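Chemist: can't give you the sequence, but here's the structure:
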């Protein structure tokens, strides 16, 4: 892929993703559909997924952004269901889907079928996060899905390595497989634990936002490469570091946080868009590689594997949800009760994505003179499973959630908690301000002291006002009206500054300084909307 093709891919996928924001269709689905359509357009170059690029260069930043945005406390509170899905389910799906594929496809060796099972076992972090964010699922379901997708790639990659070794005749005992899994899991967590504290210390002491954000872009690659270098799971190392840094992000200065949020939102948007477009663009490659398998025959196998993937997830999810509660009174006391609807959503939300395709493309055609059996069929079945789950499950998940009438997020309760937290924080700030102003070294003219008190009072009241009545004419709360008028005032100032620059009464450097000051004020006023 040359530079022009890469630019074209990024530009086109970003345009489609931008269009998706104006439609009810989740962006991953529209991007995959666009990729499928573009794959056969004349003049569109071949875009073949390279696992040596996807796994070490695209997966780490996507996992890192998901980990930083996740809640360590929520994940810890839901560690049991997350572990059952990210480890237990992936291993179960590897064996169950592999065996069903072995029964379904004639002449497919069991070892090759287990490779396929490991490849299609993990739901995708990018797909799960994007769909959950779009749908506004209840907090606990979202936490479980995100936690599963953060860790399950490590389980699947390790299971794939064990199955691949057996498929090409290298031999892998149960003890050896368990040992490799332990090394990958414990090693990846260990590397993350070793790296997280010094990385955080550097972030807090570099002292310049530009340097800190440059370092931020390198963190996922450093963690992934360090773990892979010692034979551990780079996925888990990235997740551990990301969770720690996200949990401690409040200790970094505000300028770094502002820049970092903007930078990583852009990076995630570009990578997610390109990844889903790439999935659709693989169609010509996987169809051409079918070889001795006819397309009609392969499609029937694909339908069978897709159904197996969907059914096997439900076979695991429902017992894993209810059986531990039936067996343990402690679990019943510690975890909230669930009805049949929550596991139905979790089971149906198992979309597969680019990680499965990247692993499938990494299956070697030949190892030490031994040919991998039915590699092209495995690749085709992986592709159709990914497309099937993204399209079928992705399109039907929103109406399913509406049909089940899951309890929505309690926005009133959340706003009330936010208002109470802000009130306590404002009280502490007011006491600090009074103490500071009592010291003659902090003497301020009264108008400036009043301005500090006004800003503090404004912050204290803003959230309470969202709980109050709305304007009968506009439907706005008082806080909404305040922010709208504030924006109008800032825009009026901005127009004057630009006119003064155009009249040569101020230069461009002064204009940038004045506009940045307004931008920061506007960002502060409208932070609730982001």
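Modeler: Right, received. Where do you want to start? What you see is a predicted model, and the numbers here were worked out from it, not measured in a lab.

Chemist: Give me the mean pLDDT for stretch 21-41.
Modeler: The average pLDDT within stretch 21-41 is 86.

Chemist: same question, stretch 77-97
Modeler: 93.

Chemist: Counting neighbours, show which residues of that stretch come out buried.
Modeler: For stretch 77-97, the neighbour count (16 or more other C-beta atoms under 10 Å) marks 78, 81-82, 84-87, 89-97 as buried. All C-beta atoms are positioned from the backbone trio N, CA, C, and that covers glycine.

Chemist: Residue 455 and residue 448, how far apart?
Modeler: Residue 455 sits 11 Å away from residue 448, taking C-beta to C-beta, to the nearest Å as the criterion.

Chemist: So which residues of the stretch 201-350 of the chain form helices?
Modeler: 209-229, 234-247, 254-281, 283-288, 295-327, 329-334, 341-348 (DSSP state H, counting those that start in this stretch).

Chemist: Could you measure from the residue nearest to residue 48 when sequence neighbours are not counted over to residue 39?
Modeler: Nearest residue to residue 48, sequence neighbours excluded (C-beta to C-beta, 6 or more residues apart in numbering): residue 285, at 5.5 Å. Distance of residue 285 to residue 39, computed by C-beta to C-beta: 9 Å.

Chemist: now residue 156
Modeler: 26 Å.

Chemist: what about the two, which has more around it?
Modeler: residue 156 (26 against 17; other C-beta atoms under 10 Å).

Chemist: Quick check, pLDDT for the more buried one.
Modeler: 90.

Chemist: Excluding chain neighbours, what is closest to it?
Modeler: residue 122 (3.9 Å).

Chemist: Also residue 85?
Modeler: In space, residue 85 is closest to residue 148, 4.0 Å off (C-beta to C-beta, 6+ apart).

Chemist: before we move on, what about residue 12?
Modeler: The nearest residue in space to residue 12 (C-beta to C-beta, 6+ apart) is residue 277, at 6.9 Å.

Chemist: That neighbour: neighbouring residues, count only.
Modeler: Count around residue 277 with other C-beta under 10 Å applied: 26.

Chemist: State the distance from it to residue 58.
Modeler: 12 Å.

Chemist: Likewise for residue 445?
Modeler: For residue 445, the distance to residue 58 - C-beta to C-beta - is 55 Å.

Chemist: More neighbours: which of the two?
Modeler: The residue with more neighbours, out of residue 445 and residue 58, is residue 58; 20 against 8, by other C-beta under 10 Å.

Chemist: how near is the closest residue to that one other than its chain neighbours to residue 17?
Modeler: Nearest residue to residue 58, sequence neighbours excluded (C-beta to C-beta, 6+ apart): residue 271, at 5.8 Å. Distance, residue 271 to residue 17, by C-beta to C-beta: 11 Å.

Chemist: just residue 148 next, same as before
Modeler: Where residue 17 is concerned, residue 148 sits at a distance of 24 Å (C-beta to C-beta).

Chemist: got it, and residue 275?
Modeler: Here residue 275 is placed at a distance of 11 Å from residue 17 (C-beta to C-beta).

Chemist: Same drill for these two, tell me which one is more crowded.
Modeler: Higher neighbour count among residue 275 and residue 17: residue 275, with 27 against 22, using other C-beta under 10 Å.

Chemist: Let me know the outermost residue of the protein.
Modeler: For the chain, the largest distance from the centre (C-alpha atoms, centre = their mean) belongs to residue 440, which lies 50.5 Å off.

Chemist: Using the three-state scheme, assign residue 33.
Modeler: Look at residue 33: counting by DSSP: H, G, I helix; E, B strand; the rest coil, its state is helix.

Chemist: what's the residue nearest to the spatial centre of the chain sitting at in phi/psi?
Modeler: With distances taken as C-alpha atoms, centre = their mean, the residue of the chain nearest its centroid is residue 66 (3.7 Å). Backbone torsions for residue 66, taken as degrees, to the nearest 10, come to phi -60, psi -40.

Chemist: so where's the chain shaky on pLDDT?
Modeler: Along the chain, the parts satisfying pLDDT under 70 run over 1, 125-136, 169-177, 291, 366-370, 408-412, 465-470, 472, 525-530.
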